[in-house]
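*Asks:* give me the fold of what follows.
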Amino acid sequence: MGTARNWFNAVRKKFIKPSQRNITILHSGNLSDQSMIREASASSTSSSSFQRTSLTKEEIAAIKIQSVFRGHLARRAYGALRSLVKLQALARGAYVRKQTQMALQCMHALVRLQVRVRARQLLGKYGGQ
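*Replies:* From the prediction side, this is the model:
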């Protein structure tokens, strides 16, 4: 399929130009603090509660592949959701059209009944004299 090929090309393009940056992850010993990802060129905060972990190229590659694949899955799920919404709208539209048709038939029947009753009233009023 074309989308699988595009996904592979997107992953391949991520690795054609190797990044010259070193990515470090700052882990906190406390559970309340969140992990922070920083580039080596960015300003580094020297805090005693953070430990510096340097990632290997394989780990960086795995992170990139995972993020691209998760994006791919999210786009695919979004497309499926959009098609489901369209299908629901189509089904609801058909149901509403059917309801409208039934309501119109009932209204026409009531109008015909009204015409008959009014005709009998008029015939009784003028026919009896």
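
*Asks:* how about residue 55, phi and psi?
*Replies:* phi -90, psi 150 (degrees, to the nearest 10).

*Asks:* pLDDT score assigned to it?
*Replies:* Turning to residue 55, the model gives it a pLDDT of 82.

*Asks:* run a quick neighbour tally on it.
*Replies:* Here the number of neighbours of residue 55 (other CB atoms under 10 Å) works out to 15. Placement of C-beta: from N, CA and C, glycine included.

*Asks:* separation between it and residue 64?
*Replies:* Counting by CB to CB, to the nearest Å, the separation of residue 55 from residue 64 is 11 Å.

*Asks:* which neighbours do those two share?
*Replies:* Applying CB atoms under 8 Å, 6 or more residues apart in numbering, one finds that no residue jointly contacts residue 55 and residue 64.

*Asks:* now the helices for this structure?
*Replies:* Secondary structure of the chain (DSSP state H): helices located at 2-16, 57-127.

*Asks:* and those, which one is worst for confidence?
*Replies:* Comparing the helices of the chain by mean pLDDT, the weakest confidence falls on helix 2-16, with a mean of 70.

*Asks:* returning to what we had before: reformat the helices of the chain as CSV; add mean neighbour count.
*Replies:* What follows is the helices of the chain, written out as CSV (neighbours: other CB atoms under 10 Å):
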stretch, mean neighbour count
helix 2-16, 11
helix 57-127, 11
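
*Asks:* now residue 72: closest residue in space, sequence neighbours ignored.
*Replies:* With CB to CB, 6 or more residues apart in numbering as the measure, residue 7 is the residue that lies nearest to residue 72, at 5.1 Å, once sequence neighbours are left out.

*Asks:* so what's that neighbour up against?
*Replies:* Residue 7 makes contact with 68, 69, 72 under the criterion CB under 8 Å, 6+ apart.

*Asks:* and those residues as TSV, adding distance to residue 79?
*Replies:* As requested, the contacts of residue 7 are exported to TSV (distance: CB to CB, whole Å):
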residue	distance to residue 79
68	17
69	16
72	11
